[in-house]
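# The following comprises the amino acid sequence and a computationally predicted model.
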Amino acid sequence: MATSNGRIQPNSWVFLRLASDLLRAVEIKPNTIIEIGKYGSVPSNLLLGRPLYYTYEVLEKQEGELYSRLRAVPPSELNADVIAEEATPDESRAEPGTPSGSGGEGIDIVADDGTVIIKNNRLTIDDASRQALSHTEIEELKKSSGGKEIIEQILANHAGLDEKTAFSKAKYTLRKSKKYLKRFTVLPMELGFLIDYIMLKEPARTMEIREETLGLAMAWSNVHFSKSIDGDDNLGVTAPGGRWLVLDDTGGLVTAAVAERMNLLRKDNTTAQTQANNGAPEPSEVSMENGDSDAKPHTPVVHHDFPIPASSNTITVLHAAVQANISLLKYFDYDGNNPDPDHPLHNHLKTLSWLQLLHPEEDPTYREPETATPEVMQTWKSGKRGTYFKKRRRWERCKAIVDETRAGGFDGLIVASHIDPSTIFPHVIPLIRGGGHVVVYSPTVESLVNLSDLYSKDRRTAYLSALAQGNEPDKEDFPVDPRLLLAPTLQTSRIREYQVLPGRTHPLMTSKGGSEGFVFTARRVIPLEGGVEARGNFGKKRKVDQANGSDVAAAAPST
Amino acid sequence: MSAMEGVEQQPAPVVSPFFHPPLTAQADSLAILHVKRDSLLPVTLRTTANDGYAEGAVTNTRFGSYPHSTLIGVPWGSQVRASKVDTGTRGRKTKNAKSGTATPASEPAEQPPQDEAAADSKKRKADDEQLQPPESPTKKMKAAPEPTIKPPQPPLKAAVEAGSGFMHVLPPTPESWTYSLDHRTQVVYTPDYSYILQRMQVKPGQTLIEAGAGSGSFTHAAARAVYNGYPSDSSDTTSHGKVCSFEYHAPRVDTLRSEISAHGLQPLVHVNHRDVYNDGFLLPSAVSPRANAIFLDLPMPWLALKHLSRSSSPTSPLDPNSAVNICTFSPCIEQVTATASALRKAGWTEIQTVEVQNRRLDVRRERVGIKEEGLRGVNSNPATVEESLSRLREVDAKLSEFHAGKAGVPGAGKVQSKAERLEGIRAELGGRKLFKEGRLVHRTEPEVKTHTSYLTFAVLPMAWGEAEEAEMEARWPVDMTVSEVKVRA
């Protein structure tokens, strides 16, 4: 399976993580040159087929070589420093400066003869002159020798190294290694790395969604692979499939996460390869439409520009602009403008605009194009005939998507949109089936606090009393029907990272600020017609509220 | 009552209600009854039962009784009214049947079944017992086991709606299961497992190893993550996602197995009774699960690591063609240090420890002001400087009125008394729309899980050596004529 491949695949996107911890997205095409920051460039073929998650070192160009070779650095070598430190626990405990026993770092323990046993940073001198090598000398070294040698030289020439504590020595070595070792790590195109990559470059593009928030939202949306089972011989059952409705202003990141969980995000390289080997040519559009229209039923033609969408395990993206912005899907080989029938999103991703959803009759794509009789078409030039069929196909696809979306029955709703959710919900919540999950992501809390308030216990009670009195509840007071969602919950998750090293485990000193990221979750329910009265002991004695003391009591226990 | 009893006797659903919920609640299938916030009840709906109710199977809650006949066939998500169920006399009706067929022989026949005794002595306790999900071997037996031979059922009485009480019927999901399951061990909750599965990049079609299955919360979420269809026949070559679950506590294994089977997950979840520290992660007859991801919820994960190498004998449990993600779940920092050290020595990379801090927020309206005086759940302090001034002036006016009254000055009594003021506030209350008054505020919910566990992640790349490198050099030779072509800046 493509998803479980541990190698760098040809024509796939990967991330290169440089020593600076910066990520760089690169498409590895065979027989090309890949630039790796200031380390220079290497032929892509040196990376193809090599393992992902490996760290590679750019070797010095040897005499007569046209390109730098790469060395796959085994993980054991990467971990060697820390392991060596751990391997001699007794020694390192004796080593002054390691917090152990009674004396921690920074505490002077003076022996009887007055010598300092525990080193600290009291006498540290912060001065560039401590480094004996000059800037030009280091530059010379860089030209003549590899990263390892430079670091050794630098360390050897640091006058104050012995005064440093073990910890600061380790930090110094690490800093110098990052600077002079030409190493980079190849990471697969996974959502977590994509988030890291975009967070640094343009966080607003993905609404600053963090990996932990994305994971949380996806879990609560219950999105999963859900292709319908139609009277399968072996299983002997029929089971319905699932469809999820998505509003995505994260440039396709949320859509990608949904697609990943529905097994739609990645092309299966194995099938793609076999097809390529078989060399089955795609039926060309022109040859088909040039053919006699009478012959059409005999040669069913598959056009890939406007596929009729699948009926289950699908994602419907509702977008505010004329076209959905899902450009990040390009990292997963999907481009809506360049249909690829081998990509699972090809017929499992449906897009429609708000206009198409709410007022399809106003949308030109939804209006049926004129039909022409075969006799009329006979008189047309092939180009015109092609355009005619293309228009019909586009209309058929649009109509199928719009009609199906308007019919509702979605298994879940996932919203990550700049549009105020209280204006989204009145149109979209009725499209979700009973028991379906509703999830809204927002980078900031305010819009979700407002949304939660629209489903507050007090507001629902007031809504129910208005209904009980036979009044149409005021649209201004009740922008949404508060009965339709159960247990609206607002939450936020944040990860805290730890440095775990022998004797110096602690949370990281700094991390990224920015938006916290909030998730609103609820489940769509079907309210009973007429009044419902709660039962039970609610803990405290409650004074009967004169205003609301009608037969419609607060739906207290149901939230 | 506890309708999941005797799960083993019922045919397991072929297709899991977790993945393919039908349009309506079905008999013999799991439903989650949402009684109130954070009070979810997993119940397998039954058409018949033998607990003495005239209506057949009944689930009792603090908010009413629900005969299953009122639940089966309703669309998912429906709000359902409670029914009038005679809970008082049923014990007497079934006493003979129960003591005859089910009570262990050692128990004197005269002794009333324990559940009845509880019902008689303490109503509240009985309710709580009925709230208990399935009878599990890990719990002390509370009630007499259900008779295996069912006496012929009289025709069921139609349920009669009660005047009050309702709840919602929801299709099961890993989240609702997590928040409703029977706690056998510490549960891995949604904030943690959602991040773990996201971070380990678990995808449909993959294989995940889980050790320390515990209560099965993570098992269900992991099953959803790897699910990519049921194998339809033997010629089906697609690799199907699976979860290989290991647990060394035998009763927990039995309970988890029966749950997995009742939930229609048995084709993709393999529950193994195993001490993984000593016996590793291979499936029966030394078959490798070929795992892509591993989740260890064990006290000493580093002891299990030796079985998770590329070169374990007789065969590695890992997928040789993929990088393998691991996550260990440990509450204590000492465990983390030991795990990280073992991971480094075993050649894992990308080692990172994090903790997930999740908070739920309470949203409410805060009403402040002197017009709230005497009302409940509000703050009747002055909301503005002006309100404060008017309050002070009023006090002042009252004082002078008091003195004036004493002095017999005419016009006394024009200032409102406190009782009159409160009366006025109450009278106005009916016309106010309290749901949109005041300031909208949010704060963290009263109870916070400040620490669950540390999550240590790592990756083991596929094995790589000189032979593999030579093979790739031959497969992708560097052609120097094109090497001059610069592709990307």
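Now that the structure is in, tell me what you want to look at.

# going forward, measure contacts between C-alpha atoms and count neighbours the same way
Noted.

# Just the mean pLDDT for the longest strand belonging to chain B, thanks.
Secondary structure assigned by DSSP state E gives strand B:349-366 as the longest strand of chain B. The average pLDDT for strand B:349-366 rounds to 95.

# Chain A contacts on the stretch 201-350 of chain B?
Proximity of the stretch 201-350 of chain B to chain A, by Cα under 8 Å from any Cα of the partner chain, involves residues B:201, B:203-204, B:206, B:224-225, B:227-229, B:232-233, B:239, B:292, B:321-323, B:336-337, B:340-341, B:344-349.

# Give me the buried subset of the residues you listed.
Burial by neighbour count, 16 or more other Cα atoms under 10 Å in any protein chain shown: within those this picks out B:201, B:203-204, B:206, B:224-225, B:227-229, B:292, B:321-323, B:336-337, B:340-341, B:344-349.

# Look up how far chain A lies from the spatially closest residue to B:A250 that is not a sequence neighbour.
Closest residue in space to B:A250, ignoring its immediate chain neighbours: B:H273 at 6.5 Å, by Cα to Cα, 6 or more residues apart in numbering or on different chains. B:H273 sits at a distance of 27 Å from chain A (criterion: Cα to the nearest Cα, to the nearest Å).

# tally of neighbours for B:H273?
17 (other Cα atoms under 10 Å in any protein chain shown).

# repeat for A:I229
Quick note: A:I229 (other Cα under 10 Å) scores 19 neighbours.

# Run through the bridge partners of it.
Legend: beta-bridge partners of A:I229 under DSSP bridges are A:A239.

# show me the contacts for the spatially most central residue of chain A.
Closest residue to the average C-alpha location of chain A: A:L191 at 3.9 Å, with Cα atoms, centre = their mean. Applying Cα atoms under 8 Å, 6 or more residues apart in numbering or on different chains, we find A:L191 in contact with A:211, A:253, A:256-257.

# Please list which of those residues are also close to chain B.
Applying Cα under 8 Å from any Cα to those, those adjacent to chain B are A:E211.

# Up against chain B, what does the stretch 201-350 of chain A have?
By the rule Cα under 8 Å from any Cα, the part of the stretch 201-350 of chain A lying against chain B is A:211-212, A:215-216, A:218-220, A:222, A:224-228, A:232-235, A:237, A:239-242, A:260-263.

# Inside helices: which ones of the residues of the stretch 201-350 of chain B next to chain A?
Using DSSP state H, B:224-225, B:336-337, B:340-341, B:344-345 are the members of these that sit in helices.

# show me where pLDDT drops low in the chain?
I went with chain A, as the question did not name one. A:1-4, A:87-130, A:143-147, A:159-161, A:163-165, A:178, A:231-236, A:269-302, A:531, A:536-559 (pLDDT under 70).

# Not quite, go with chain B.
B:1-12, B:88-155, B:232-238, B:407-415, B:480-489.

# residues of the longest helix belonging to it that come out buried?
Secondary structure assigned by DSSP H gives helix B:385-407 as the longest helix of chain B. Across helix B:385-407, burial judged by 16+ other Cα under 10 Å covers B:398, B:401-402.

# tell me the contacts of A:Y54?
A:72-75, A:185-187, B:461.

# repeat that for 7 Å
Neighbour list for A:Y54: A:72, A:185-186, B:461 [criterion: Cα atoms under 7 Å, 6 or more residues apart in numbering or on different chains].

# Likewise for B:L422?
Contacts of B:L422 by Cα under 7 Å, 6+ apart are B:373-374.

# which stretch of helix or strand covers it?
According to DSSP states H and E, B:L422 maps onto helix B:418-429.

# what comes up buried for that helix?
So for helix B:418-429, counting by 16+ other Cα under 10 Å, buried means B:422, B:425-426, B:429.

# do stretch B:285-295 as well
Quick answer for stretch B:285-295 (16+ other Cα under 10 Å): B:288-295.

# A:T185: what secondary structure?
strand (DSSP: H, G, I helix; E, B strand; the rest coil).

# wait, what's in contact with it?
A:16-18, A:53-56.

# and if we set it to 6 Å?
Counting by Cα atoms under 6 Å, 6 or more residues apart in numbering or on different chains, A:T185 touches A:16-17, A:54-55.

# Please name the nearest non-neighbouring residue to it.
Using Cα to Cα, 6+ apart, the nearest residue to A:T185 is A:T55, at 4.1 Å.

# Dihedrals phi and psi, that neighbour?
phi -100, psi 130 (degrees, to the nearest 10).

# Isn't it up against A:F184?
Yes: with contact defined as Cα atoms under 6 Å, A:T55 reaches A:F184; the gap is 5.5 Å.

# Can you list phi and psi of the nearest residue to A:M189 once chain neighbours are set aside for me?
The shortest distance from A:M189 to any non-neighbouring residue, by Cα to Cα, 6+ apart, is to A:V14 (5.0 Å). Taking degrees, to the nearest 10, you get phi -140, psi 170 for the backbone angles of A:V14.

# neighbours of A:V14, just the number please.
That count, for A:V14 with other Cα under 10 Å as the rule, works out to 23.

# Report the beta-bridge partners for it.
Bridge pairing for A:V14 - DSSP bridges - gives A:V26, A:P188.

# what's it in contact with, if anything?
Contacts of A:V14 by Cα under 6 Å, 6+ apart are A:25-26, A:187-189.

# circling back: tally up the residues packed near the residue nearest to A:T185, please.
23.

# Give me the domain ranges for chain A.
Under the assignment automatic domain parsing, the domains of chain A span A:88-178, A:222-407, A:414-558.

# Determine the longest helix present in chain A.
helix A:382-407.

# now it, how far from the centre of its chain.
Chain-centre distance of helix A:382-407: 31 Å, with Cα atoms, centre = their mean, to the nearest Å.

# Could you do stretch A:43-50 as well?
26 Å.

# Restricting to C-alpha, output it in PDB.
Extracted in PDB, the C-alpha atoms of stretch A:43-50 (Å, rounded to 0.1, in the frame of the first residue of the first chain):
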ATOM      1  CA  PRO A  43      21.000  14.500  -7.600                       C
ATOM      2  CA  SER A  44      17.400  13.300  -6.700                       C
ATOM      3  CA  ASN A  45      18.300   9.800  -7.700                       C
ATOM      4  CA  LEU A  46      20.500   9.600  -4.600                       C
ATOM      5  CA  LEU A  47      17.400   9.900  -2.500                       C
ATOM      6  CA  LEU A  48      14.900   7.800  -4.500                       C
ATOM      7  CA  GLY A  49      14.100   4.500  -2.900                       C
ATOM      8  CA  ARG A  50      16.000   5.400   0.300                       C
END
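
# Name the residues of it that are buried.
For stretch A:43-50, by 16+ other Cα under 10 Å, it's A:43-50.

# how about the residues of the stretch 51-200 of chain B near chain A?
B:63, B:76-79, B:164-165, B:170, B:194-195, B:198 (Cα under 6 Å from any Cα of the partner chain).

# With adjacent residues omitted, what lies nearest to the residue in the stretch 201-350 of chain B that chain A sits nearest to?
Residue of the stretch 201-350 of chain B nearest chain A, by Cα to the nearest Cα: B:S322 (3.7 Å). Residue nearest to B:S322 in three dimensions, not counting chain neighbours: A:G6, with 3.7 Å by Cα to Cα, 6+ apart.

# quick one: that neighbour and B:P320 touch, right?
No: look at A:G6 against B:P320 with Cα under 6 Å: they stay out of range, at 8.5 Å.

# check contacts around A:N325.
Counting by Cα under 6 Å, 6+ apart, A:N325 has contacts A:G251.

# tell me which element it is part of?
Here A:N325, judged by DSSP H and E, is contained in no helix and no strand.

# so A:Y56 bridges to which residues?
Residues in beta-bridge contact with A:Y56 (DSSP bridges): A:A72, A:F184.

# A:R71 is in contact with that one, correct?
Yes: contact criterion Cα under 6 Å: A:Y56 and A:R71 qualify, at 5.4 Å.

# Neighbour count: those two, which is higher?
The neighbour comparison of A:Y56 against A:R71 (other Cα under 10 Å) goes to A:Y56, with 19 against 14.
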